[in-house]
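Peer 1: Predicted model and sequence below, questions to follow.
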Amino acid sequence: MRGFLRSTVRRTLGPLPERVFALLRSRVVFTDAEHRAALAARTAALEAVSRLDQIEAGMTDEFTRLREQIRRHCRTAHEDQLVAGARRFFGRNRLEDALILCGDALGHGGDSRFHVAQAIVDYLNYKTFTPTDLSKLVRWLCGRTDIDVTDLYRHVVNVALYIKDFDYREMQPLLPRLPADDLVNIANDCLGLGISNPASLLYQEAARSRPDDVLLRNQIANTEFLCGRYNEARKHWMLVAHQRDLVRNKYSGLDRRIRFLGDTWLMAIGHVATLGTFIQAMRMGLYGDIRPVLVYQRRKPPAGMEIIRLLSHIIEVHEIDGDAIEYKWKMISGGANYDYERAVEVVIGHTEDFWYAPDLDGSISWYGPAGAAIDAAARAQGLGPALSYTEEETRQRRILLERLYGLPRDAWFVGLHVREPGFHGNWHNAMPGTRNADIDSYGEAVDAIIQAGGYVVRLGDPSMKPFKPRPEVIDYATSDMRRPDLDIFLCAAARFVIGTNSGYSLVPSLFGVRCLLTNWSPIGTPNWITHDKLVPKRIWDHKAGRYLSIEEMYRSFTGWSQFQRDFDGTHYEIRDNEPAEITAAVVEMLREVHPEAAAQLKPSGKRPSTAQQKLVAPDTARLFTSIVVENGGYVGSMLSTSFAALHPELLGRMSVAPTAIATDLVTERPKTAEAAQIDRHRRTLSDMAVAVDSAAISPEPLADDVSLDQAIARPKELGLGPPVGMPVAALVTTGGEARAEEPGHHGEPRAPTDAATSEKAL
């Protein structure tokens, strides 16, 4: 009879939700005895659930008894009480008991998975769990196949990324359960916080379902670069270049010579200045027979417009008002019918990015080593500077400088740019770096230039600290008469420029002007202009009571990290250059570029003489080059001879042979390295579950008692190598609009946007 009624209901009403059918079954097909038993079981379950709030925390046996009582009474029905019991156990921090009841509830099928998912999300929002609890929860979820609720996995992954002492790699089995777009969006937020390792994991999982997505592959490369895995980044960029080549071969009837210079070239002044390296590579035929085109929006002109103006005779420059993709499609197709999806694919395929360049051997490398190889080859071939001013342009601007600032038109001068945090204030507050310096420490060097008969023009922006006034010093940076064209011309007209680690230090090389790179940090990623001089910041080892050698820097995070967070909590301290060190390097550069003026300087025992400098220079270059090459770096700007003479221990060699080059390793940060930085961001993200620190993005931390010699002998086991090459430029929302953008070392990779919604992706 019961079977007949059940089949009749099904034929009449069709498929019903399990809850409704259970209700009908309990009211229609149950006998009175069965119905009374079901009600009794439900009542008993309700009582057991309500009692959970009355038990003291230490009464484990009583918790277990009530849990089993709930399970027994809800074995065939009443899954809502299983979920209610799980919620109570979650609230009492009894995770294992809660998950047992959740598993029973899932066994009832129907909508129970949604109720279980909501209970877990609410538990995570309580913020009372520990990293160990989260680890157990993640493992439990990984073992379930009956709770396919995307929102739950998205929430768990978001929370897991920001939990102190939780190893983000444990969540990897959950990632295939999330759509690629969700993975990319979560990775964007991670990258915006400077949490690069988890972002790389998320991007690469997204790429499994989108292997031909050029923009996503490019972002993987950028993120691997941020993690310090330069060789891995290079492999991904090689794939990007290959995929773009396939696109160019796919479509016939297009102008294959066109190469659009993407927006990555316009992100910061240093990126624009790197177009000089691009031009030298073109001159040497590394790009083949191409037609470079730069397109930018009139409403948003890029930094360095004076550079772009001077480049316009080499690169086609188009200022537009409309849609960039449609404009580029019409240019490359000759006016063919516009199909948006096809146009996006074609434009991406014909785009060149800032981040990588062809090597001399026809391969692909990231811009640092590629730029160094290109610069060295261009000088060997006798190629002149990429840009220059005409005599008339120079004369007019020198007259203007004389009338505005009192700089005599026939006087020689040295440019001085010392990076400060003001221009990138938001970025510096979130991610304090090691690349800034104090302008006051350059006073002695300025006196030496004045003594030699020169002037000094302080370059920069109005946020900088005013410089001590002198008749021969022009504080152009804080002047209210600054002009974008003079920002560039002053670098071109200077005898040389004293700079620091900023994109502005690349501008002089466009005009063949040399730059003295003082207070440089980190030493592992120098400028790639080979005729520039390098004066790095030194690293003091408090445990050893001495400064590290250059090789020791290359073999640890100290030579690769530009973030103060990596030094906090360690026995390493990064120290700025002393005034005497800066002055000695300035005199060294002056002897090379203007020996007549240098001859007017009084001798000083603090710096090597001209004869000593000539004697020491070859050995300095040879030793420095061998150290850099053997430890996985690239030879760009050369170490200052005077600096090496003042600190001979810098070029000391280590007794333990390297077991792996630095660029194949991943740096281990201290456990508390990024705690404060991420906590600042935490308060701005409403959906973040708990406070966080850097341990969530690192493997096992390096023990405090590990000596440097042990670290050198076992770099892979201890996780040594370059950590982060650069910070990220933007925190990007799902809609592709940047919430914050602050450049770092020559600019940074930004998180990818949807090519269908934003031309920034190109």
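Peer 2: The structure has been received and is ready for your questions.

Peer 1: Helices of the stretch 501-650 of the chain, start to end?
Peer 2: Assigned by DSSP state H, counting those that start in this stretch, the helices in the stretch 501-650 of the chain fall at 550-554, 579-593, 595-598, 610-630, 641-646.

Peer 1: between those, which gets the lowest average pLDDT?
Peer 2: Of all the helices of the stretch 501-650 of the chain, the minimum mean pLDDT falls on helix 610-630 (a mean of 83).

Peer 1: buried residues in that helix?
Peer 2: Applying a neighbour-count criterion of 16 or more other C-beta atoms under 10 Å, one finds 613, 616-617, 620, 623-624, 627-628 buried in helix 610-630. Every residue, glycine included, has its C-beta placed from N, CA and C.

Peer 1: relative orientation of that helix and helix 579-593 in degrees?
Peer 2: Angle of helix 610-630 versus helix 579-593, following axes from the mean of the first three to the mean of the last three C-alpha atoms, to 10 degrees, is 100 degrees.

Peer 1: Please compute how far helix 610-630 lies from its chain's middle.
Peer 2: Distance, stretch centre to chain centre, for helix 610-630: 33 Å (C-alpha atoms, centre = their mean, to the nearest Å).

Peer 1: Need the distance between the two termini of stretch 503-518.
Peer 2: Taking C-alpha to C-alpha, to the nearest Å, stretch 503-518 runs 14 Å from one end to the other.

Peer 1: contacting residues for Leu651?
Peer 2: Contact partners of Leu651, counting by C-beta atoms under 8 Å, 6 or more residues apart in numbering, are 549-550, 620, 623-624, 627, 644.

Peer 1: What are the contacting residues of stretch 456-469?
Peer 2: Here stretch 456-469 makes contact (C-beta under 8 Å, 6+ apart) with 405, 407, 413-418, 420, 422-423, 425, 439-440, 443, 446, 449-450, 472-478, 480, 482, 487, 490-491, 494, 497, 504.

Peer 1: From the residues you listed, which land in helices?
Peer 2: Secondary structure assignment by DSSP state H places 405, 425, 443, 446, 449-450, 487, 490-491 of these in helices.

Peer 1: now, which of the residues you listed sits nearest Ala57?
Peer 2: Gly425 (47.4 Å; C-beta to C-beta).

Peer 1: just for the chain, where's the confidence low?
Peer 2: Applying pLDDT under 70 to the chain picks out residues 1-32, 34-35, 422-431, 605-615, 655-762.

Peer 1: Domain ranges for it, per the record?
Peer 2: Domain assignment for the chain, taken from automatic domain parsing, gives 2-178, 230-384, 391-663.

Peer 1: So which of those domains is nearest Leu191?
Peer 2: Set against Leu191 and scored by C-beta to C-beta, these come closest in domain 2-178, at 11.2 Å.

Peer 1: can you give me the offset of the closest one from its chain's centre?
Peer 2: Computed by C-alpha atoms, centre = their mean, the chain-centroid distance of domain 2-178 equals 41 Å.

Peer 1: One more: stretch 191-207?
Peer 2: Here stretch 191-207 is found 10 Å from its chain centre; the criterion is C-alpha atoms, centre = their mean.

Peer 1: ok, of the buried residues of helix 610-630, which one's closest to Val184?
Peer 2: Lowest distance from Val184 to these (C-beta to C-beta) belongs to Val628, with 36.0 Å.

Peer 1: Which among the domains of the chain is found nearest to Gly192?
Peer 2: Ranking the domains of the chain by proximity to Gly192 (C-beta to C-beta) places domain 391-663 first, at 9.7 Å.

Peer 1: got the helices of the stretch 501-650 of the chain as CSV, with distance to Pro508 columns?
Peer 2: Conversion of the helices of the stretch 501-650 of the chain to CSV gives the following (distance: least, C-beta to C-beta, whole Å):
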stretch, distance to Pro508
helix 550-554, 25
helix 579-593, 11
helix 595-598, 18
helix 610-630, 21
helix 641-646, 20
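
Peer 1: Which one, of those helices, ends up nearest to Pro131?
Peer 2: When the helices of the stretch 501-650 of the chain are compared by C-beta to C-beta, helix 550-554 sits nearest Pro131, at 32.9 Å.

Peer 1: Contacts for the closest one, please.
Peer 2: Contact with helix 550-554 is made by 522-524, 536, 539, 558-560, 624, 627-628, 631-633, 639, 650-654, 662, 708, 712, as judged by C-beta under 8 Å, 6+ apart.

Peer 1: swap the cut-off to 6 Å and go again
Peer 2: Under the criterion C-beta atoms under 6 Å, 6 or more residues apart in numbering, residues 523, 539, 559, 627, 631, 650, 654, 662 lie in contact with helix 550-554.

Peer 1: Show me which pair in these is furthest apart.
Peer 2: That would be Leu650 and Ala662, which, of the contacts of helix 550-554, are the farthest apart (C-beta to C-beta) at 17.0 Å.

Peer 1: For the spatially closest residue to Val628 that is not a sequence neighbour, the count of nearby residues, please.
Peer 2: Distances taken as C-beta to C-beta, 6 or more residues apart in numbering put Val635 closest to Val628, at 5.3 Å, once the chain neighbours are dropped. Val635: 20 surrounding residues under other C-beta atoms under 10 Å.

Peer 1: Next one: Val635 from Ala44, what distance?
Peer 2: Look at Val635 and Ala44: by C-beta to C-beta, to the nearest Å, they are 78 Å apart.

Peer 1: next one: Val507
Peer 2: Distance from Val507 to Ala44, counting by C-beta to C-beta: 79 Å.

Peer 1: ok, these two, which is more surrounded?
Peer 2: Using other C-beta under 10 Å as the criterion, Val507 and Ala44 rank with Val507 on top: 30 against 17.

Peer 1: OK, contacts around that one?
Peer 2: Val507 makes contact with 273, 491, according to C-beta under 6 Å, 6+ apart.

Peer 1: Equivalent analysis for Asn577, please.
Peer 2: So Asn577 contacts 518-519, 535 (C-beta under 6 Å, 6+ apart).

Peer 1: Quick check: phi and psi at Asp438.
Peer 2: In this entry, Asp438 is assigned phi and psi values of phi -100, psi 120 (degrees, to the nearest 10).

Peer 1: Find the residue closest to it in space, skipping its chain neighbours.
Peer 2: Asp576 (6.8 Å).

Peer 1: Measure how buried the one you found is and give me the count.
Peer 2: Asp576: 17 surrounding residues under other C-beta under 10 Å.

Peer 1: Mind putting the contacts of Leu651 into TSV with distance to Leu400?
Peer 2: Formatted as TSV, those follow (distance: C-beta to C-beta, whole Å):
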residue	distance to Leu400
Ser549	48
Ile550	43
Thr620	40
Leu623	45
Phe624	41
Ile627	46
Ala644	40
